[in-house]
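> No letters, just coordinates:
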Ligand SMILES: [Fe+2]
């Protein structure tokens, strides 16, 4: 039987109960790739017929993690941002996302300004998942209709996060629903 959402959620619970750190998250990332290899899952939750929006597919009341489907119609380039004290795993369902991971060149002592340099650039293609650990800064760039599934350690709307204006270096607090 194909690897489905229920099985994936059960495996996330197992992995993150056993090890909420990087090893447990890496197991979740690998299983997200298994889930995205199931064409029926992709069609049902991320297919062209699925209405646009951000869908919470699952939230774990005990462990706090969320599984989200980002059903995009319009291309977008995000500013560099972190996921606060959480982590995030991005799994590409359709089309692609170009990722940049950023490093801070400054010492982080000024809460209002940051100087960034790109550390890693790559493309996530359908079926591929990338992981962004606590405090890592990344930006995303995707074309029309690119759809992805994200697993976050907690509901990101409830924690403080930052985004950085690349031109000015200004650091801004992110508001809820600037989810990615
Ligand atoms: Fe992100």
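That came through, no problem. Every value quoted in this text rests on a predicted model; they were computed, and no experiment measured them.
> so where's this protein uncertain?
In the prediction, the chain carries residues with pLDDT under 70 at positions 177-180.
> cutoff 90 now
Along the chain, the parts satisfying pLDDT under 90 run over 1, 48, 108, 111, 157, 174-180.
> Which residue ranges of it form helices?
5-18, 22-36, 39-46 (DSSP state H).
> Out of those helices, which is closest to residue 160?
helix 22-36 (20.6 Å; C-beta to C-beta). Quick note: C-beta positions are derived from backbone N, CA and C, even for glycine.
> mind listing what's buried in stretch 90-102?
Across stretch 90-102, burial judged by 16 or more other C-beta atoms under 10 Å covers 90, 91, 92, 93, 94, 95, 96, 97, 99, 100, 101, 102.
> Can you give the contact residues for stretch 156-164?
By C-beta atoms under 8 Å, 6 or more residues apart in numbering, the residues outside stretch 156-164 that reach it are 78-86, 88, 102, 114, 116, 137, 170-174, 176-179.
> Repeat the analysis, applying 10 Å as the threshold.
Stretch 156-164 is contacted from outside by 64, 66, 68, 78-86, 88, 102, 104, 111, 113-116, 135, 137, 139, 150, 152-153, 170-180, using C-beta atoms under 10 Å, 6 or more residues apart in numbering.
> are any of the residues you listed buried, and which?
Neighbour-count burial within the contacts of stretch 156-164 applies to 66, 68, 78-84, 86, 88, 102, 114, 116, 137, 139, 150, 152-153, 174, 179-180; the criterion is 16+ other C-beta under 10 Å.
> Can you name the residues that contact the residue most central in space within the chain?
Against the mean C-alpha coordinate of the chain, by C-alpha atoms, centre = their mean, the closest residue is residue 90 at 3.8 Å. Contacts for residue 90 (C-beta under 10 Å, 6+ apart) come out as 29, 32, 70, 97, 99, 124, 128-132, 138, 140, 148-152, 180.
> Going along the chain, name the strands of the chain.
Secondary structure of the chain (DSSP state E): strands at 53-59, 66-71, 76-77, 88-94, 97-104, 116-124, 129-132, 137-142, 147-152, 162-164, 171-173.
> Switch those strands over to a markdown table, and while doing so, append distance to residue 16 to every line.
Supplementary listing: the strands of the chain in a markdown table, determined by distance: least, C-beta to C-beta, whole Å:
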| stretch | distance to residue 16 |
| --- | --- |
| strand 53-59 | 12 |
| strand 66-71 | 12 |
| strand 76-77 | 29 |
| strand 88-94 | 11 |
| strand 97-104 | 23 |
| strand 116-124 | 22 |
| strand 129-132 | 13 |
| strand 137-142 | 21 |
| strand 147-152 | 9 |
| strand 162-164 | 25 |
| strand 171-173 | 27 |
